[in-house]
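In: How does the following fold in three dimensions:
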Amino acid sequence: MKTLNCLLLVILVLSFGSGCTENQDQLSDNEEPTKINTTKPKDQSLSNQAKDFAIDKDEITDVKAVNTDNDLLLAIKVGQFERFQIKSIEKKVKSDLGKKYPNTTVEVSTDQKIIWELGTLEEKLQKDKIKMKELKEDIKRIKDLMKEKT
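Out: Numbering: from 1, shown residues only. Predicted coordinates for the structure are as follows:
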């Protein structure tokens, strides 16, 4: 019985300790979002500029972005306390980027699935393991996911 109580105490302490760790997904103050280095026709300089623009906002902690010639998809994470204004932050970022890039269709999301999908696509682009046709198909699929309301 004594051993069981000690074991439960150890499990309880470990579970509280693991819940108090800092979120590893968030960027630290001196860390910048990953830049995607690709060449034509998959040039990602527009998405890199959009990342720099978005990450400069205090309420945004992480950003993922991918672009084609006509589309820019951006996924943002906001800080814990800013979650109450998540829709207004999303709308403001989309509006600002739309004004900054008027010839580009800008889509912004705070959905965790979209963040993950764009992160995966960024990795493929960084490793140059995707063709332009696949990139356009993936962007179309992610845009469809963004439009879904669950």
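In: Name the next helix or strand downstream of the lowest-mean-pLDDT helix or strand in the chain, please.
Out: Within the chain, no helix or strand scores below helix 2-19, which has a mean of 72 by mean pLDDT, DSSP states H and E. Downstream of helix 2-19, the next assigned helix or strand under DSSP states H and E is helix 45-55.
In: Could I get the buried residue list for that following helix?
Out: Neighbour-count burial for helix 45-55 flags 46-51, 53-55 (criterion: 16 or more other CB atoms under 10 Å). From N, CA and C alone the C-beta is placed, and that goes for glycine too.
In: same question, stretch 67-77
Out: 67-68, 71-77.
In: if we take these, which one ends up nearest to Ile114?
Out: Ala75 (4.6 Å; CB to CB).
In: wait, doesn't Cys118 sit right on Ile142?
Out: I think there's a mix-up here, since residue 118 is Leu and not Cys. Yes. The criterion here is CB atoms under 8 Å, and Leu118 meets it with Ile142 at 6.7 Å.
In: hey, what's in contact with both of these two?
Out: When contacts are counted by CB atoms under 8 Å, 6 or more residues apart in numbering, Leu118 and Ile142 are jointly contacted by Leu73.
In: residue contacts, the residue nearest to Lys100 when sequence neighbours are not counted?
Out: Nearest residue to Lys100, sequence neighbours excluded (CB to CB, 6 or more residues apart in numbering): Phe53, at 6.9 Å. Phe53 makes contact with 96-97, 100, according to CB under 8 Å, 6+ apart.
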